[in-house]
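**Q** Got a sequence here, can you build the structure:
(2 chains)
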2 protein chains.
Amino acid sequence: MALPNDYHNLWRWGNPENAVQLSQFPKLQLFLENRFGKKLNASSKTPSVKISSSRFTENELKVFFPKLKPNQISLEEYERLRYTFGKSYYDIIRIITSNNSFSPDFILFPETVEDVSYILKQAVANKIKIITYAGGSNVVGAFDTDMSFPVGVLNMQKLNRLIEIDSDSHTAIFEAGIFGPQLEKILNEKNFTLGHFPQSFEFSTLGGWLALRSAGQESGLYGKIEDIVVQMKVVTPSGIIEDVGFPRHACGPDFQRLFLGSEGTLGIIVQAKLRIHKKPESYFWKIALFKNFGSGSEALRELIQSGIHPAIARLSDVQETQLSTLIGHKEKRGLQKFVQSIMKSWLKSKGYHEPCILMMRFAARNESDYTAAKVAERIIKKYGAQKLPSSVASSWESTRFSLPYLRDTLVEHDVLIDTFETVSSWKNLLPLYHHIKNVLKLHNDYFGKGGLLLCHISHVYETGASLYFTMIAPQEKGKEIQQWQELKKIVSDAIIEKGGAISHHHGIGKDHQNWYLKQLNPETKKLLQAIKNHLDPSTTLNPGKLIDAQN
Amino acid sequence: MALPNDYHNLWRWGNPENAVQLSQFPKLQLFLENRFGKKLNASSKTPSVKISSSRFTENELKVFFPKLKPNQISLEEYERLRYTFGKSYYDIIRIITSNNSFSPDFILFPETVEDVSYILKQAVANKIKIITYAGGSNVVGAFDTDMSFPVGVLNMQKLNRLIEIDSDSHTAIFEAGIFGPQLEKILNEKNFTLGHFPQSFEFSTLGGWLALRSAGQESGLYGKIEDIVVQMKVVTPSGIIEDVGFPRHACGPDFQRLFLGSEGTLGIIVQAKLRIHKKPESYFWKIALFKNFGSGSEALRELIQSGIHPAIARLSDVQETQLSTLIGHKEKRGLQKFVQSIMKSWLKSKGYHEPCILMMRFAARNESDYTAAKVAERIIKKYGAQKLPSSVASSWESTRFSLPYLRDTLVEHDVLIDTFETVSSWKNLLPLYHHIKNVLKLHNDYFGKGGLLLCHISHVYETGASLYFTMIAPQEKGKEIQQWQELKKIVSDAIIEKGGAISHHHGIGKDHQNWYLKQLNPETKKLLQAIKNHLDPSTTLNPGKLIDAQN
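**A** Model (predicted):
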């Protein structure tokens, strides 16, 4: 089908009102045009996709799910199309190049935990597979499934209620379909925060965060979602699993971890109890420029290993630092102004040939946070960093959740832009960083062909840190999919060759499955299979994912 | 058999050289004699135990385990007796009252991971059950098993090597049979610490900590063992499970948590990678006296929820505070001196009718720790606490690991002394505390019969805290076992009735199994059974524990 006029909503990021045009970023456009050696023009191609017919009629679905209300079931073609793709570069180019994809046969909208149980029961009885849909913001091919069997998608967004806030114990129970802003607003009204702000925050849900082990930008203070969750209620085909959720205990093995990262293959997370925190009175930034990525990385390591926990700690490599000066909407502000005015002369004279910016945001809960920030300043100074004014951070803050919109317009200008992320021990972190750059050079002449690779460290732990990469390259017209697949294979191979995790917070989906399976211990795989066999003996849940490799 | 002369080692705590006599605690003795209304005399009974013969001969064992060296197998009677009991009050009274117990048929001493795999393989082939023995310090009936089948005990203590220290990533890999002091010494030599100091520290091993989810006295800073472990290698009858152990990741479900708290029923933990920390330059104490347990508990809650993390935070209720003034070895020191001199007059005049002591120890890593301590002081002042000199802590520090020795001499003077612990949310913590006291009053006239109940909070989390109770009561001669079983049932019923965990850090063993099973969600139980069926299909590992209830 040719896409309807508002096909925008189908593949673009977020809210159409916030969409941006490349022309709003003249410096970036000029930079890329110079680097790629060609003009960047908006693509004139009209996307279209083929959509398979549903295997079912409305009446058949009523027979399968007699207790559901009519508005809880949808067969509508465009609705089904919405659940065919995620929000990754690979998803977009499949749409733009009219690449065939499989669409689910119907969509279900449960409103209660009982609805979810009922739907699973009927799905098992009628041999229908169920894919759980949270916010729809995934970027790892979560919906890329060979749907050679009847498939219904479970849209969880109506399960979006607050169940309980316990202000004494600093916990709150929410239903899993609630979106980030709604959840945070409820907590803010009681002066609490969850502190979980992934870049997808506005368009992702609690259940999605849990099922894919997401990380928020303030993970330094609040932890990753697996540090935040206290207890979950999970509906499986074999029954409902819900543990007591003590703060800590010595009462046998913990089963909740099995569902974190299970990506809809073991059960459907319907509720979760979460740690919440008093909303800090204020925040403050500490910004610094390092002479190179290595010294910045060492400073971050010493910082976290000294017990200093900035809520945000984000160290960009030289490429990302330089590109970040080009993407501010407004001129002469913050980092742009600073870097433009003095970088090229003063910095180089001081040895900042590869300037790398570190942005740290501290929560000001009490005076010990200010002392911690002073210790942080001392440590980064020791590693030769130059302090920058905190106004530099305003650019990042204003674009905190909006970079995916820039991605969209770049893709429409025939630019390949994709991200990937990993995590490893501190000892292995820089070797891994350099290895990835090297393989791109060796196996693809990526940089020679104009490709850019940006990287930052944005989640630091005592034992290691994550690396978050952005690839920007000229799209190879007519070979868009092949180009992406080649690059994805090169960097993913490089990650696991050099001891990085195939994902730190995006998840596995279809895009990372091959490498996930290579990293999985064979006995662990058998154990996961045994657990799957027990919880979902009819393999109703999310076929083709994690250990169920279809190819 | 009558016990040999050194039966001391069989049931008493720790190192015989550190044993104490009740006469060294004249104030305590006088206090208890007054309270119990009788003299405390050393028991004249000669303990003896019956030990079942081994089902096997040395030659038969050679056939079962042809690859093991002679010194890796023991059938010796006294050796087998050592593995019959743990170190709980219930264990002791079973020995003292010559209560029958089952002993294992033989002991095996693996020296390598390969030995462990080999032993499991041969055990499965020869239909022998395997109980894993770590430090032997357990207090929840870990060895209380109906051994109506051939049983070998696996003593893990020869697997006690350091495998690797990664100073950059602050991790270390040790074999699981290493004892606390040996592990800590290796780390201290490189200026690191693990920071895990359970009261059993000197006589417990890494593997035991992991298999029973132990908590150390400095959990406030370093976390419970499940927060410390990064990765484990586990030998199961179906194979070796070992995940990659990234700092954090989004690569599917985490299976390591299944083995934490598995108490030897799912596999044998042979190695673990642990988070380590730079040894703090120094420590400092902040001590305060609260007017009652409630205000102290509220202060602790605000403290931890404000992001202040003392390494040790221990709040004693009024009973424990008062008793602690009686057990120092030396006169006129620290707390004793202070409390003796002014408590009765000055404190009461200020409203401290139920004085409760809070001891906090901070690690001084950098100046932010001092600021945090100042914030802590402000918070506790807000809750009406009186600051005490830090010298008060010296008494606690000097007896940090030695209270079990006092327990031993009290038992030999016909005193019942046992501990139990739980954990719950902050909201439920004081109601749980009062409920336990109430049921002891209602169902047993415990206090009317002279019983004492002491309690402290010693592990605090943002969402809740643990309660650690000590029962001290006159032993009912001739009914020692029945008396303990009655009390254990009353307090355990009370804990789960009121939403506490049946254990915070001691584990389940035989003593807590009934209540563990009552708290376990039925679907979780089925899931654990499915995992057990997969990993240990011949039920070779630790029969009768966790979900395998024999009664």
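
**Q** The residue lying closest to A:Leu452 once chain neighbours are set aside bridge partners, please.
**A** Counting by Cβ to Cβ, 6 or more residues apart in numbering or on different chains, A:Leu452 lies nearest to A:Ile472, which is 4.4 Å off, once chain neighbours are set aside. C-beta coordinates here come from the backbone N, C-alpha and C atoms, glycine included. Beta bridges link A:Ile472 to A:Ile417, A:Leu452 when assigned by DSSP bridges.

**Q** Ok, A:Ile107 next?
**A** A:Ser74, A:Val153.

**Q** was I right about it contacting A:Val151?
**A** No: A:Ile107 lies out of contact with A:Val151 (Cβ atoms under 8 Å); the separation is 10.2 Å.

**Q** related to what we said a few turns ago, and the residue nearest to A:Leu452, how many neighbours?
**A** 22 (other Cβ atoms under 10 Å in any protein chain shown).

**Q** List the buried residues for the helix or strand encompassing A:Val63?
**A** Using DSSP states H and E, A:Val63 sits within helix A:58-64. Of all the residues in helix A:58-64, those buried under the rule 16 or more other Cβ atoms under 10 Å in any protein chain shown are A:60-61, A:64.

**Q** Let me know the pLDDT of A:Glu226.
**A** pLDDT recorded at A:Glu226 is 95.

**Q** Please identify which of the buried residues of helix A:58-64 is nearest to B:Asp146.
**A** Relative to B:Asp146, the closest of these is A:Phe64; by Cβ to Cβ it sits at 50.0 Å.

**Q** residues contacting the closest one?
**A** Residues counted as contacts of A:Phe64 (Cβ atoms under 8 Å, 6 or more residues apart in numbering or on different chains) are A:56, A:122-123, A:126, A:128.

**Q** Same list, those residues, but as TSV with distance to chain B, pLDDT and secondary structure please.
**A** Listed next are these as TSV, based on distance: Cβ to the nearest Cβ, whole Å; pLDDT from 0 to 100; DSSP: H, G, I helix; E, B strand; the rest coil:
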residue	distance to chain B	pLDDT	secondary structure
A:Phe56	31	96	coil
A:Gln122	19	98	helix
A:Ala123	18	98	helix
A:Asn126	23	97	coil
A:Ile128	22	97	coil
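
**Q** and of those, the nearest to A:Leu260?
**A** For the contacts of A:Phe64, the nearest to A:Leu260 is A:Ala123 (23.2 Å; Cβ to Cβ).

**Q** Can you get me a residue count around that closest one?
**A** 23.

**Q** ok so, going back, A:Ile107 and A:Val151 - which one has more neighbours?
**A** Per other Cβ under 10 Å, whichever of A:Ile107 and A:Val151 has more neighbours is A:Val151, with 24 against 20.

**Q** just checking, the more buried one touches A:Asp105?
**A** Yes: applying Cβ under 8 Å as the test, A:Val151 and A:Asp105 come out as touching, 5.6 Å apart.

**Q** Need the residues touching each of the two.
**A** A:Ile128.

**Q** Please identify the residues of the stretch 451-551 of chain A in proximity to chain B?
**A** Residues of the stretch 451-551 of chain A lying close to chain B (Cβ under 8 Å from any Cβ of the partner chain) are A:459, A:461-466, A:499-508, A:512, A:516, A:519-524, A:526-528, A:530-531, A:533-535, A:546.

**Q** near chain B, which residues of the stretch 51-200 of chain A show up?
**A** Close to chain B, as judged by Cβ under 8 Å from any Cβ, the stretch 51-200 of chain A has residues A:166, A:168-171.

**Q** Can you convert those residues into TSV and add a column each for secondary structure and neighbour count?
**A** Shown next, in TSV, are these (DSSP: H, G, I helix; E, B strand; the rest coil; neighbours: other Cβ atoms under 10 Å in any protein chain shown):
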residue	secondary structure	neighbour count
A:Asp166	strand	17
A:Asp168	coil	16
A:Ser169	coil	25
A:His170	coil	24
A:Thr171	strand	24
